[in-house]
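**Q** when you get a sec, could you give me coordinates for this:
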Amino acid sequence: MKFLLTIFATLTSSATAQTSTDGTNLYTALMTGYQKHVRPGTDYSVPLTINVTFGLITIQEFAESEGKFVITGFFTINWFDDRLTWTPATYNGITNTLLSQKEVWKPNMVLGNTYDGLKFLGLDDFYIRYMSTGLATWSPADVYEVSCDVDVTFYPFDKQTCKLLFTPWFYMPTEISFHSLRNDLDLGMFTENSIWQLLSTQISIVENGFQIVEIALSFKRRFAFYVVNMILPLCLMTAINSFVFILPVDSGERVGFSITNLLSIAVFLTIVTDALPEASMPQISVLCYLLLTQLSMSVIIMLLTILSIKVHLSDEETIPQHYLKLVQIMGSKCRKSKSETAVVTPTVVSVTTAPQSRDKNDKKDVSRKKTPVEQKQLTTVEETDPKGDDVEITWKIVGNAFDKASLMFVIMTSLVINMTFMVYLIHAYF
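**A** This next block holds a predicted model:
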């Protein structure tokens, strides 16, 4: 019994199997009398409705210096062509078929803001799938290169928005009408980019005398690489530059140290500048201003170093009043410390003493003899001046005060510059 059922099922399936002959007959019936230059539609008073969606595959490149944005993606476009309908039972149950896009009507769309020359949507080797109801599904995929204005104000913490503008070629809004089936892009096949992080996508139909299919992508730069290899080394090089004022003047290394740091920062800035986008609109990158500020600080540090050496080695007899005020401000003592104890000074005093006589007869002898003079050492106490004596201020003391003031100025200024830069970027970024 099972054997008979198996044979019956095999014969039944073979009787309903679709063959190339069925496909050829269907193709011949559909193409007979078909004109691909004629727009579909039974009522030309109503525009043909075309539904569009876009799937994003990857963000390939965004060249800031050239304003070039490259992505890979595909459209899914649907419309009804009433001339390409059939009854599946007539062709052994065929419900859909593929037709070359060169042989059938399709909405001619062109990429309006292409980077290099106008480009029509779809390649000649693509096919369009038709259902028996006349529903056409066209999925042209391609690499799209468009022009995109770059905003490098917050580079490398920048966010960009680029658009792809597709417009129907030769057709008026009264002939075809585009509709988007969703507000965002299809990311089912999307692959992340190593430099750019996708934030949001949008697809919309813009009316501007004619319809435009607008695809907008917002993305931001992954900034970890730039922080580690650009910003942090720059801050460290600037920080170590301020320690030139700690080196002893007698070592003779101050000027060489400051010049070496200045040249190192200049070379580093040259390398960084080559990586920056060459854009001036809408604004130069904030990082460019930071680099210029750090270079200016290096020049100021070198000038302060030269002036400090001049102060240390000055041989002028009179110290200007403003240097004396600087010494006082920096906390250097200009007077001796106050003494609360007395100074004991030994003093030699001559004292004349007469010998004592026990006998009356000795009085005469005593009067005849000279009185001996004895010298005794007495101690006298002298109080110190409570106000103290002035200390002689030398150029070395002035130079130390100048170094201290320069070090504090450089450190505070560098902190203010770097913190202002970071706060500004964080406020703008987040």
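**Q** against which helices or strands is the top strand by length along the chain packed?
**A** The single longest strand within the chain, with elements called by DSSP state E, is strand 48-63. With contacts defined as 3 or more CB pairs under 8 Å, 6 or more residues apart in numbering; DSSP states H and E, strand 48-63 has these neighbours: strand 68-80, strand 176-180, strand 196-207, strand 211-221. Quick note: C-beta positions are derived from backbone N, CA and C, even for glycine.
**Q** that one vs strand 176-180, what angle?
**A** Strand 48-63 and strand 176-180 are oriented at 60 degrees to each other (axes from the mean of the first three to the mean of the last three CA atoms, to 10 degrees).
**Q** hang on, the earlier thing: make CSV out of the helices and strands packed on strand 48-63 and add mean neighbour count and mean pLDDT.
**A** Converted to CSV, the helices and strands packed on strand 48-63 look like this (neighbours: other CB atoms under 10 Å; pLDDT from 0 to 100):
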stretch, mean neighbour count, mean pLDDT
strand 68-80, 19, 95
strand 176-180, 18, 92
strand 196-207, 14, 94
strand 211-221, 19, 93
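**Q** now tabulate these in JSON lines and tack on distance to Phe268.
**A** Formatted as JSON lines, the helices and strands packed on strand 48-63 follow (distance: least, CB to CB, whole Å):
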{"stretch": "strand 68-80", "distance to Phe268": "28"}
{"stretch": "strand 176-180", "distance to Phe268": "49"}
{"stretch": "strand 196-207", "distance to Phe268": "26"}
{"stretch": "strand 211-221", "distance to Phe268": "21"}
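**Q** with respect to Gln160, which of those strands lies nearest?
**A** With CB to CB as the criterion, Gln160 lies closest to strand 211-221 of these, at 5.9 Å.
**Q** the inter-axis angle of the closest one versus strand 48-63?
**A** Angle between the axes of strand 211-221 and strand 48-63 is 30 degrees (criterion: the same axes, to 10 degrees).
**Q** buried residues, the helix or strand just after strand 211-221. List them.
**A** With elements assigned by DSSP states H and E, the helix or strand that comes after strand 211-221 is helix 224-226. Within helix 224-226, the residues scored as buried using 16 or more other CB atoms under 10 Å are Tyr226.
**Q** got the contact list for helix 224-226?
**A** Here helix 224-226 makes contact (CB atoms under 8 Å, 6 or more residues apart in numbering) with Pro156.
**Q** bridging residues for the closest residue to Phe219 other than its chain neighbours?
**A** For Phe219, ignoring the flanking residues on the chain, the nearest one in space by CB to CB, 6 or more residues apart in numbering is Trp196 at 4.5 Å. Following DSSP bridges, Trp196 is listed with bridge partners Arg221.
**Q** go ahead and confirm Trp196 touches Lys220.
**A** Yes. Assessed by CB atoms under 8 Å, Trp196 is found in contact with Lys220 at 7.1 Å.
**Q** give me the common contacts of these two.
**A** Common neighbours of Trp196 and Lys220 (CB under 8 Å, 6+ apart) are Gln160.
**Q** next, count neighbours for Ser258.
**A** 22 (other CB atoms under 10 Å).
**Q** residues in contact with it?
**A** Asn241, Val244, Ser298, Ile301, Met302, Thr305.
**Q** which helix or strand lies directly C-terminal to the helix or strand hosting it?
**A** Using DSSP H and E, Ser258 falls within helix 254-275. Downstream of helix 254-275, the next assigned helix or strand under DSSP H and E is helix 286-312.
**Q** and the helix or strand just after that next one, what does it pack against?
**A** Proceeding N to C from helix 286-312, the next assigned helix or strand is helix 321-329, under DSSP H and E. Contacts defined by 3+ CB pairs under 8 Å, 6+ apart place helix 321-329 against helix 395-429.
**Q** buried stuff in the helix it packs on?
**A** Here helix 395-429 shows 395, 397-407, 410, 414, 417-418, 421, 425 as buried, counting by 16+ other CB under 10 Å.
**Q** before we move on, the earlier item: so who does the residue nearest to Phe219 touch?
**A** Applying CB under 8 Å, 6+ apart to Trp196 gives the contacts Ile59, Phe62, Gln160, Phe219, Lys220, Arg221, Arg222.
**Q** now do 7 Å
**A** The contact partners of Trp196, by CB atoms under 7 Å, 6 or more residues apart in numbering, come to Ile59, Phe62, Phe219, Arg221.
**Q** in JSON lines: those residues, plus distance to Asn183.
**A** Output for these, formatted as JSON lines (distance: CB to CB, whole Å):
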{"residue": "Ile59", "distance to Asn183": "20"}
{"residue": "Phe62", "distance to Asn183": "23"}
{"residue": "Phe219", "distance to Asn183": "18"}
{"residue": "Arg221", "distance to Asn183": "25"}
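**Q** neighbours around the residue nearest to Asp186 when sequence neighbours are not counted, how many?
**A** In space, and not counting its chain neighbours, Asp186 is closest to Gly55: 3.9 Å by CB to CB, 6+ apart. For Gly55, the neighbour count with other CB under 10 Å is 17.
**Q** got the domain ranges for the protein?
**A** 32-222, 225-331+396-429 (automatic domain parsing).
**Q** possible to save those domains as a markdown table with distance to Gln18?
**A** What follows is the domains of the chain, written out as a markdown table (distance: least, CB to CB, whole Å):
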| stretch | distance to Gln18 |
| --- | --- |
| domain 32-222 | 5 |
| domain 225-331+396-429 | 56 |
